[in-house]
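Model the structure of this input:
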Amino acid sequence: MNDTENGWTASERDALGALRRDVPAPGPLERAVVKELEARGLLRMGRGPSRWLRSIALLAGAAALFAAGFLIGGRPTSPKVPPSARSRYVLFLEGNGEPPPGEETRRVREYKLWSRRVAAAGHMLAGEKLSTETWRLGGAPAAAGGEAVRGFFLIAARDDAEALEIARGCPHLRYGGRIVLRKVAPV
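Presented below is the predicted three-dimensional model:
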């Protein structure tokens, strides 16, 4: 008759309780089990740092690399004038044709350096070079000889004078291009 929850009789339970629990496994059996566990990758004995120690070392290394990248890259600079006190302007870069072969890369680098300096001063909001694909919708056709917009920069400035000063520093003017500066209408 079963008198326990797991279906054992009282005599079965007494017999189980009487078994010795401190009996070591025979040497060859223990070695065989350890060898099999090692072969399956479930047990590592005496072979370098434990898995948790390696995990901690990897996390510490990742944190150190992140900190180094943060220090090397620098933190973004905050604008010198609060955003609420600044107006936004778009610099449309027009004309200057295609640069001579081999010159494109150097000019792109120069424009990037200029935009980084403007960003470091807290004025650059966005900027991109535009492709030559253009679609014109509605209105009268464009005037003959009109020059294409080749790129733009979106900047923030205290006032019109500061926006003009920033625009005058753009390398586009040195290569015969023209900049159209437009203030973004307040919302």
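
so where's the longest helix in the protein?
Secondary structure of the chain read by DSSP state H shows that its longest helix is helix 51-73.

Which elements pack onto that one?
If contacts are counted by 3 or more Cβ pairs under 8 Å, 6 or more residues apart in numbering; DSSP states H and E, helix 51-73 sits against no helix or strand. All C-beta spots, glycine's among them, are computed from the backbone N, C-alpha and C.

That one: how far from the chain's middle?
16 Å (Cα atoms, centre = their mean, to the nearest Å).

Against which helices or strands is the following helix or strand past it packed?
On the C-terminal side of helix 51-73, the nearest following helix or strand under DSSP states H and E is strand 87-94. When contacts are defined as 3+ Cβ pairs under 8 Å, 6+ apart, strand 87-94 packs onto strand 149-157, helix 160-168, strand 178-183.

any residues touching the helix or strand following strand 87-94, and which ones?
Next helix or strand after strand 87-94 toward the C-terminus (DSSP H and E): helix 104-120. Outside helix 104-120, the residues within contact range by Cβ atoms under 8 Å, 6 or more residues apart in numbering are 77, 98-99, 124, 127, 129, 151, 153, 155, 166, 169-172, 175.
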